[in-house]
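Trainee: Turn this into a structure:
(chains A and B)
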Amino acid sequence: AQSVAQPEDQVNVAEGNPLTVKCTYSVSGNPYLFWYVQYPNRGLQFLLKYITGDNLVKGSYGFEAEFNKSQTSFHLKKPSALVSDSALYFCAVRDVNTDKLIFGTGTRLQVFP
Amino acid sequence: NAGVTQTPKFRILKIGQSMTLQCTQDMNHNYMYWYRQDPGMGLKLIYYSVGAGITDKGEVPNGYNVSRSTTEDFPLRLELAAPSQTSVYFCASTVLATGELFFGEGSRLTVL
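Mentor: Model (predicted):
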(Lines give C-alpha, C1' and ligand atoms only; values in the text may rest on other atoms or scores of the structure.)
Protein backbone atom coordinates (compact mmCIF):
# COMPACT_ATOMS: atom_id res chain seq x y z
CA ALA A 1 0.00 0.00 0.00
CA GLN A 2 1.11 3.53 -0.70
CA SER A 3 2.17 5.49 2.39
CA VAL A 4 4.43 8.22 3.68
CA ALA A 5 5.84 8.74 7.16
CA GLN A 6 7.14 11.83 8.90
CA PRO A 7 8.67 10.51 12.11
CA GLU A 8 9.04 13.84 13.90
CA ASP A 9 6.03 15.83 15.07
CA GLN A 10 8.21 18.87 15.70
CA VAL A 11 11.70 20.02 14.82
CA ASN A 12 13.34 22.88 16.69
CA VAL A 13 16.35 24.71 15.31
CA ALA A 14 18.15 27.96 15.98
CA GLU A 15 18.15 30.64 13.31
CA GLY A 16 21.20 30.33 11.08
CA ASN A 17 21.63 26.62 11.73
CA PRO A 18 20.97 23.94 9.13
CA LEU A 19 17.64 22.15 9.31
CA THR A 20 16.40 18.72 8.26
CA VAL A 21 12.81 17.50 8.17
CA LYS A 22 12.57 13.76 7.61
CA CYS A 23 10.29 11.80 5.29
CA THR A 24 10.18 8.14 4.30
CA TYR A 25 7.81 6.55 1.82
CA SER A 26 6.43 3.25 0.62
CA VAL A 27 5.09 2.64 -2.89
CA SER A 28 4.89 -0.35 -5.17
CA GLY A 29 6.33 1.43 -8.19
CA ASN A 30 8.54 4.44 -8.74
CA PRO A 31 7.59 7.40 -6.56
CA TYR A 32 6.76 10.97 -7.29
CA LEU A 33 7.68 12.89 -4.12
CA PHE A 34 6.64 16.34 -2.98
CA TRP A 35 7.14 18.77 -0.10
CA TYR A 36 4.54 21.36 0.86
CA VAL A 37 4.45 24.07 3.54
CA GLN A 38 1.44 25.35 5.43
CA TYR A 39 1.27 28.65 7.27
CA PRO A 40 -1.44 29.23 9.92
CA ASN A 41 -5.01 29.28 8.58
CA ARG A 42 -3.85 28.85 4.99
CA GLY A 43 -3.84 26.16 2.34
CA LEU A 44 -0.69 24.25 1.49
CA GLN A 45 1.97 25.72 -0.78
CA PHE A 46 4.28 23.72 -3.03
CA LEU A 47 8.00 23.74 -2.18
CA LEU A 48 9.64 21.14 -4.43
CA LYS A 49 9.26 17.78 -6.09
CA TYR A 50 11.21 14.76 -7.27
CA ILE A 51 10.02 13.02 -10.41
CA THR A 52 13.18 11.63 -11.96
CA GLY A 53 16.79 12.64 -12.52
CA ASP A 54 19.16 14.18 -9.98
CA ASN A 55 18.67 12.97 -6.45
CA LEU A 56 19.16 16.47 -5.03
CA VAL A 57 16.22 18.69 -5.80
CA LYS A 58 16.18 22.45 -5.22
CA GLY A 59 12.99 24.32 -4.48
CA SER A 60 11.46 27.53 -3.22
CA TYR A 61 12.80 29.71 -0.38
CA GLY A 62 16.23 28.03 -0.37
CA PHE A 63 14.91 24.57 0.48
CA GLU A 64 16.26 21.39 -1.06
CA ALA A 65 15.55 17.69 -0.67
CA GLU A 66 17.55 14.55 -1.28
CA PHE A 67 15.96 11.48 -2.80
CA ASN A 68 17.49 8.23 -1.51
CA LYS A 69 16.01 5.19 -3.19
CA SER A 70 17.81 2.60 -1.08
CA GLN A 71 16.57 4.20 2.15
CA THR A 72 13.19 5.18 0.63
CA SER A 73 13.67 8.67 2.02
CA PHE A 74 13.13 12.22 0.82
CA HIS A 75 14.39 14.52 3.58
CA LEU A 76 13.88 18.27 3.35
CA LYS A 77 16.89 20.45 4.10
CA LYS A 78 17.99 24.04 4.30
CA PRO A 79 21.55 25.20 5.00
CA SER A 80 20.57 28.19 7.16
CA ALA A 81 17.18 28.41 8.86
CA LEU A 82 15.17 31.62 9.16
CA VAL A 83 12.56 32.46 11.79
CA SER A 84 10.13 32.94 8.90
CA ASP A 85 10.59 29.26 7.98
CA SER A 86 8.54 28.32 11.05
CA ALA A 87 5.51 26.47 9.69
CA LEU A 88 3.98 23.04 9.18
CA TYR A 89 5.71 20.91 6.54
CA PHE A 90 4.14 18.01 4.68
CA CYS A 91 5.73 15.30 2.60
CA ALA A 92 3.58 13.61 -0.05
CA VAL A 93 3.99 10.66 -2.43
CA ARG A 94 2.28 9.48 -5.57
CA ASP A 95 2.82 6.01 -6.92
CA VAL A 96 3.38 6.15 -10.70
CA ASN A 97 0.73 3.44 -11.03
CA THR A 98 -2.04 5.45 -9.35
CA ASP A 99 -3.37 8.99 -9.23
CA LYS A 100 -3.63 9.14 -5.46
CA LEU A 101 -1.44 11.72 -3.74
CA ILE A 102 -0.94 10.67 -0.11
CA PHE A 103 0.32 13.06 2.56
CA GLY A 104 2.25 12.47 5.75
CA THR A 105 1.09 13.67 9.13
CA GLY A 106 3.19 16.81 8.99
CA THR A 107 6.17 18.16 10.93
CA ARG A 108 6.04 21.46 12.73
CA LEU A 109 9.25 23.40 12.25
CA GLN A 110 10.06 25.96 14.92
CA VAL A 111 13.02 28.26 14.26
CA PHE A 112 14.16 30.23 17.30
CA PRO A 113 15.92 33.60 17.05
CA ASN B 1 -6.73 34.24 -12.10
CA ALA B 2 -8.50 33.09 -8.92
CA GLY B 3 -6.91 29.60 -8.73
CA VAL B 4 -8.86 27.19 -6.49
CA THR B 5 -11.88 28.68 -4.74
CA GLN B 6 -13.69 26.97 -1.88
CA THR B 7 -16.99 27.96 -0.31
CA PRO B 8 -18.07 28.33 2.41
CA LYS B 9 -15.03 29.16 4.54
CA PHE B 10 -16.85 28.33 7.77
CA ARG B 11 -19.97 26.33 8.53
CA ILE B 12 -21.64 24.87 11.59
CA LEU B 13 -23.96 21.90 11.07
CA LYS B 14 -26.22 19.95 13.34
CA ILE B 15 -25.94 16.16 13.45
CA GLY B 16 -27.88 14.63 10.57
CA GLN B 17 -27.93 17.74 8.39
CA SER B 18 -26.59 17.71 4.84
CA MET B 19 -24.47 20.18 2.99
CA THR B 20 -22.20 20.63 -0.01
CA LEU B 21 -18.73 22.12 0.01
CA GLN B 22 -18.09 23.84 -3.28
CA CYS B 23 -14.75 23.81 -5.11
CA THR B 24 -14.03 25.58 -8.39
CA GLN B 25 -10.77 26.01 -10.28
CA ASP B 26 -10.15 28.24 -13.28
CA MET B 27 -6.84 26.72 -14.41
CA ASN B 28 -8.33 23.99 -16.63
CA HIS B 29 -6.77 21.31 -14.42
CA ASN B 30 -7.77 17.71 -15.00
CA TYR B 31 -6.94 16.37 -11.54
CA MET B 32 -8.89 17.49 -8.48
CA TYR B 33 -8.74 16.28 -4.89
CA TRP B 34 -10.58 16.64 -1.60
CA TYR B 35 -8.65 16.28 1.63
CA ARG B 36 -9.57 16.66 5.27
CA GLN B 37 -7.09 17.90 7.83
CA ASP B 38 -7.35 16.91 11.47
CA PRO B 39 -4.82 17.95 14.16
CA GLY B 40 -1.89 15.56 14.28
CA MET B 41 -3.33 13.44 11.47
CA GLY B 42 -2.06 15.31 8.45
CA LEU B 43 -4.17 15.36 5.32
CA LYS B 44 -6.36 12.41 4.46
CA LEU B 45 -7.57 11.93 0.88
CA ILE B 46 -11.37 11.68 0.68
CA TYR B 47 -12.07 11.56 -3.06
CA TYR B 48 -10.26 12.49 -6.22
CA SER B 49 -11.01 12.93 -9.90
CA VAL B 50 -8.78 12.66 -12.98
CA GLY B 51 -11.24 14.39 -15.28
CA ALA B 52 -14.86 15.31 -15.88
CA GLY B 53 -17.15 12.35 -15.28
CA ILE B 54 -14.50 10.33 -13.40
CA THR B 55 -14.24 10.08 -9.62
CA ASP B 56 -12.62 7.62 -7.26
CA LYS B 57 -12.37 6.95 -3.54
CA GLY B 58 -9.41 7.99 -1.47
CA GLU B 59 -8.38 6.88 2.03
CA VAL B 60 -11.47 8.06 3.97
CA PRO B 61 -14.52 8.23 1.63
CA ASN B 62 -17.23 7.04 4.03
CA GLY B 63 -19.90 9.64 4.69
CA TYR B 64 -19.02 11.70 1.62
CA ASN B 65 -19.97 11.87 -2.05
CA VAL B 66 -18.57 13.79 -4.99
CA SER B 67 -19.40 14.54 -8.59
CA ARG B 68 -17.40 15.97 -11.48
CA SER B 69 -19.77 17.13 -14.18
CA THR B 70 -17.40 19.81 -15.46
CA THR B 71 -13.64 20.31 -15.47
CA GLU B 72 -13.97 23.35 -13.23
CA ASP B 73 -16.19 22.08 -10.39
CA PHE B 74 -15.70 19.31 -7.85
CA PRO B 75 -18.30 19.58 -5.05
CA LEU B 76 -18.09 17.46 -1.91
CA ARG B 77 -21.38 16.42 -0.32
CA LEU B 78 -21.99 15.36 3.27
CA GLU B 79 -25.33 13.55 3.45
CA LEU B 80 -25.80 12.93 7.18
CA ALA B 81 -23.36 15.03 9.15
CA ALA B 82 -21.68 13.41 12.14
CA PRO B 83 -19.35 14.92 14.78
CA SER B 84 -16.50 12.83 13.33
CA GLN B 85 -16.73 14.99 10.19
CA THR B 86 -15.69 18.09 12.11
CA SER B 87 -12.52 19.07 10.26
CA VAL B 88 -10.89 21.48 7.86
CA TYR B 89 -11.49 20.50 4.27
CA PHE B 90 -9.13 21.37 1.43
CA CYS B 91 -9.74 21.14 -2.27
CA ALA B 92 -6.75 20.98 -4.62
CA SER B 93 -6.08 20.65 -8.32
CA THR B 94 -3.21 19.94 -10.71
CA VAL B 95 -2.80 19.71 -14.45
CA LEU B 96 -0.61 16.60 -14.51
CA ALA B 97 0.05 13.61 -12.27
CA THR B 98 3.59 14.94 -11.83
CA GLY B 99 2.48 18.49 -11.21
CA GLU B 100 2.28 20.52 -8.05
CA LEU B 101 -1.06 20.80 -6.31
CA PHE B 102 -2.78 24.15 -6.01
CA PHE B 103 -4.82 24.34 -2.82
CA GLY B 104 -7.85 26.33 -1.85
CA GLU B 105 -7.90 28.26 1.42
CA GLY B 106 -9.93 25.58 3.18
CA SER B 107 -13.43 25.16 4.62
CA ARG B 108 -13.75 24.77 8.38
CA LEU B 109 -16.73 22.56 9.24
CA THR B 110 -18.06 21.95 12.75
CA VAL B 111 -20.76 19.35 13.41
CA LEU B 112 -22.57 19.71 16.74
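
Trainee: Now the residue in chain A positioned nearest to chain B. Nearest residue, chain neighbours left out?
Mentor: Nearest residue of chain A to chain B: residue A:43, at 3.3 Å (C-beta to the nearest C-beta). From N, CA and C alone the C-beta is placed, and that goes for glycine too. Sequence neighbours aside, residue B:103 is the residue nearest to residue A:43 in space, at 3.3 Å (criterion: C-beta to C-beta, 6 or more residues apart in numbering or on different chains).

Trainee: So what sits opposite that neighbour in the bridge?
Mentor: For residue B:103, the beta-bridge partners under DSSP bridges are residue B:92.

Trainee: That one: what's it in contact with?
Mentor: A:43-45, B:4, B:90-92 (C-beta atoms under 8 Å, 6 or more residues apart in numbering or on different chains).

Trainee: With neighbour count added, can I get those in JSON lines?
Mentor: Formatted as JSON lines, the contacts of residue B:103 follow (neighbours: other C-beta atoms under 10 Å in any protein chain shown):
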{"residue": "A:43", "neighbour count": "22"}
{"residue": "A:44", "neighbour count": "28"}
{"residue": "A:45", "neighbour count": "16"}
{"residue": "B:4", "neighbour count": "22"}
{"residue": "B:90", "neighbour count": "25"}
{"residue": "B:91", "neighbour count": "28"}
{"residue": "B:92", "neighbour count": "27"}
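
Trainee: So which bits of the least confident helix or strand in chain A by mean pLDDT are buried?
Mentor: Using mean pLDDT, DSSP states H and E, strand A:101-103 stands out as the lowest-scoring helix or strand of chain A, at a mean of 88. Buried residues in strand A:101-103, defined by neighbour count with 16 or more other C-beta atoms under 10 Å in any protein chain shown: A:101-103.
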